[in-house]
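1. Following is a predicted model, sequence given first.
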Amino acid sequence: MTESLFQRSALASGLVGQHEMAEAISQLREGADAPEAVSDDRLARKLIELGRLNSWQAARLREGRTSFMLGPYRIIGKIGEGTLGQVYQAEHSVMGRLVALKVLPPKHSTPAVIAAFTEVIRTHAQLDHAHLVRAYDAGHDRNAHFLVTEYVPGSDLRQMVRRQRHRRLEMQTAADIVCQAAEGLAYIHNRGLVHRDLKPTNLLVSSEGHAKISDLGLAGCFDAADQAEANEPRVIGSADYLAPEQFGDPDHPQAASDIYSLGCTLYYAVTGKVPFPGGTPLEKAQAHCERLPLHPRRLNPDLCDEFVEVIADMMAKDPRERVPSAEAVIERLK
């Protein structure tokens, strides 16, 4: 029987051996009315059932992909999109440790970005805190540059919020997660570092409720060429969680900006809405500078006055009027 593209790709990738392929085909032929006819769909499902592949790998093999390695890391599946671009779950081929693999998009792999990326990695490697995602390794393979971090089973805060019945978290749950994030922020702020892009997708929460901050400093790696071409002011960070001073002076980040972004994240956690929905990134940035968001109790009537005041003080337009530190955020929320 002539091998299909799927079969050739699976064998070439090393994910499936000749014996395993033959075993799967043999099992599919047993009792079949047309034993010679084994479709790729049935074969893929059988290999998944036998534990030889997962659904993500099977889909890539159907496309003819044969390479699932970056350096010593075997890619298992796609986790999602991060600040860097694609984020994958991977396994070290020797140690067997599960990790998150963050791959720099080819369009961003300029010498300047790679140099900034390398500097961020070196800084990240020196940090060790229970509420920060740890950096394990970094490297490049062919044209791909990548960062290897610990894999946090669970979800990010945005996914967690969207799974809730009312698309928002209870006040106590949100306060607990943000307090943990504030502990991680206090650690990096006390070392003179600023995250620059704190948002719900950069807060990972394990199934046990343990929160960790990811993508520290990565937003600053990328230039704003696209914005420059559009004749818009340069912005580093995500517009929905952007502190007003980041819009005006993105090259001089300060710890107070992280407090503002954490306040926006807390607002989102308990309301299920970003502070200024709709509009372009420029319009959102201007709203952060000039407008107040909808009162959070309009979206969640269960919030107490003290809690609303904490959000408001974290999101003060003037950095001098904000909650002064991550430690103070923890005390206020407690």
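-> Perfect, thanks for sending it. Numbers count the residues shown, from 1 in each chain.
2. Report the residue spans of this structure with pLDDT below the cut-off.
-> Across the chain, the ranges flagged by pLDDT under 70 are 1-2, 31-37, 82-84, 219-236.
3. And the helices in the protein, which stretches?
-> Counting by DSSP state H, the chain has helices at residues 5-13, 18-29, 40-49, 55-62, 111-125, 157-163, 171-189, 225-229, 244-248, 255-271, 281-290, 296-299, 305-314, 326-333.
4. need those in TSV with mean neighbour count, can you?
-> C-beta here means a position set from N, CA and C on the backbone, and glycine is covered the same way. What follows is the helices of the chain, written out as TSV (neighbours: other CB atoms under 10 Å):
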stretch	mean neighbour count
helix 5-13	18
helix 18-29	15
helix 40-49	17
helix 55-62	18
helix 111-125	16
helix 157-163	17
helix 171-189	21
helix 225-229	11
helix 244-248	20
helix 255-271	25
helix 281-290	17
helix 296-299	16
helix 305-314	17
helix 326-333	19
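5. Out of these, which is closest to Val148?
-> Of all the helices of the chain, helix 111-125 sits nearest to Val148, with 9.5 Å by CB to CB.
6. so how far is the closest one off the chain centroid?
-> 18 Å (CA atoms, centre = their mean, to the nearest Å).
7. And that helix, what does it pack against?
-> Helices and strands touching helix 111-125, by 3 or more CB pairs under 8 Å, 6 or more residues apart in numbering; DSSP states H and E, are strand 135-141, strand 144-150.
8. Now render the ones you listed as TSV, adding distance to Ser26.
-> Compiled in TSV, these are given as follows (distance: least, CB to CB, whole Å):
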stretch	distance to Ser26
strand 135-141	36
strand 144-150	37
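9. Kindly report the domain assignment for this structure.
-> 5-62, 69-150, 154-333 (automatic domain parsing).
10. So for the last one, first residue to last residue, what's the gap.
-> In other words, domain 154-333. Terminal residues of domain 154-333 lie 24 Å apart, using CA to CA, to the nearest Å.
11. Run the chain-centre distance for it.
-> Using CA atoms, centre = their mean, the offset of domain 154-333 from its chain centre is 15 Å.
12. can you check the second one too?
-> When C-alpha coordinates are averaged (CA atoms, centre = their mean), domain 69-150 and its chain have centres 12 Å apart.
13. what do you get for the shortest one?
-> Computed by CA atoms, centre = their mean, the separation of domain 5-62 from the middle of its chain amounts to 32 Å.
14. when you give positions from now on, start the count at 15
-> Right, with 15 as the first residue, what we last looked at is domain 19-76.
15. Redo the helices and strands packed on helix 125-139 as CSV? Include mean neighbour count.
-> Output for those, formatted as CSV (neighbours: other CB under 10 Å):
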stretch, mean neighbour count
strand 149-155, 17
strand 158-164, 22
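16. To Leu183, which of those lies closest?
-> Across the helices and strands packed on helix 125-139, closest to Leu183 is strand 158-164 (CB to CB), at 24.0 Å.
17. quick one on the thing from earlier: determine which of the helices and strands packed on helix 125-139 approaches Val208 most closely.
-> strand 149-155 (17.0 Å).
18. Direction included, what does that closest one pair up with?
-> Strands adjacent to strand 149-155 in the sheet, as given by DSSP bridges, are strand 158-164 (antiparallel).
19. quick check: angle from the partner strand to helix 125-139?
-> Per axes from the mean of the first three to the mean of the last three CA atoms, to 10 degrees, the angle that strand 158-164 makes with helix 125-139 is 20 degrees.
20. Could you export strand 158-164 as PDB, CA atoms only?
-> Extracted C-alpha coordinates of strand 158-164, given in PDB (Å, rounded to 0.1, in the frame of the first residue of the first chain):
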ATOM      1  CA  ALA A 158      14.100  30.500  15.300                       C
ATOM      2  CA  HIS A 159      15.100  32.200  18.500                       C
ATOM      3  CA  PHE A 160      13.300  31.000  21.600                       C
ATOM      4  CA  LEU A 161      12.900  31.400  25.400                       C
ATOM      5  CA  VAL A 162      12.200  28.400  27.600                       C
ATOM      6  CA  THR A 163      10.300  29.000  30.800                       C
ATOM      7  CA  GLU A 164       8.600  26.800  33.400                       C
END
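21. now Ser107: how far from Leu118?
-> Distance, Ser107 to Leu118, by CB to CB, to the nearest Å: 21 Å.
22. Next: Ala58.
-> From Ala58 to Leu118 the distance is 30 Å (CB to CB).
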